[in-house]
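Asker: One predicted model, sequence on top.
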Amino acid sequence: MSLFLPHIELNPATPATATVIWLHGLGASGDDFVPIIPELNLPDELAIRFIFPHAPEMPVTINGGYIMPAWYDITAMSIEREIDQQQLLASSAAIAQFIDREIARGIASERIILAGFSQGGAVAYQTALTYPKSLGGLLVLSSYFATHKTIAINPANQQLPIAIFHGIYDSVVNELLGSQALQTLRTMGYQPYYRSYEMEHEVCLEEVMDISGWLQAKLK
């Protein structure tokens, strides 16, 4: 992957002092979550820059090899998912470059948050927990911890604040996978915040309000 995937960047009215890097799901694009930002009603004084990378296009096995935006190939839709782990790691490395750049632009690593929906959440888990500088938080939406068996946690993020949100009617990523991620993280020494919603594989208004509250709590 080339340095800096194509992406959308939303800057605050005043110089940014925090950054949220938000990863979309399979078949979507960075545009997917842009409309949510005004709904968060975040205070201007937080001065948050939002970055929405676009995943590269690749053939996706479970969709008949159809070429679409994807962070990695999914080869089988078992409950645990069978994926191309090397592609996931490559995507993670590409997202880490965005973090590096934000630090170079003057944003403290502790004020950088990674967020990811579905496939994007799997990449966010890998990136945030292995990054060599302390980050501000990890927000995982309707996703799963794809690399939990192989990940090498970086001590810098052993105390990382994590929030996991999931729909109880999710037929794409069963909530069981969100619950499994929660339990796995607890065994790793984390204390994630977990909340489920009466929704499918989507985002609801109540969840948007909770995202806003969590971001404000971490970046105030």
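Answerer: Arrived safely, thanks for sending.

Asker: which residues of the protein fall in helices?
Answerer: Using DSSP state H, the helices of the chain run over residues 36-40, 85-104, 119-130, 175-187, 205-219.

Asker: where does this protein dip in pLDDT?
Answerer: Residue ranges of the chain with pLDDT under 70: 1-3, 79-80.

Asker: Now the residue nearest the centre of it: closest residue in space that isn't a chain neighbour?
Answerer: Nearest to the mean C-alpha position of the chain, counting by CA atoms, centre = their mean, stands Gly116 at 2.1 Å. Of all residues not flanking Gly116 in the chain, Ala124 sits nearest, at 3.3 Å (CB to CB, 6 or more residues apart in numbering). Where C-beta positions appear, they are placed from N, C-alpha and C, glycine not excepted.

Asker: before we move on, back to that, can you tell me which residues contact the residue nearest to the centre of the chain?
Answerer: Going by CB atoms under 8 Å, 6 or more residues apart in numbering, Gly116 touches 22-23, 122-125, 139-141, 143.

Asker: same deal with Leu5?
Answerer: 53-56, 94.

Asker: for Ser29, same thing?
Answerer: Contacts of Ser29 (CB under 8 Å, 6+ apart): 54-55, 69.

Asker: can we see that at 7 Å?
Answerer: 54, 69 (CB atoms under 7 Å, 6 or more residues apart in numbering).

Asker: about what we covered before: same list, the helices of the chain, but as a markdown table with mean neighbour count please.
Answerer: Converted to a markdown table, those look like this (neighbours: other CB atoms under 10 Å):
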| stretch | mean neighbour count |
| --- | --- |
| helix 36-40 | 14 |
| helix 85-104 | 18 |
| helix 119-130 | 28 |
| helix 175-187 | 17 |
| helix 205-219 | 17 |
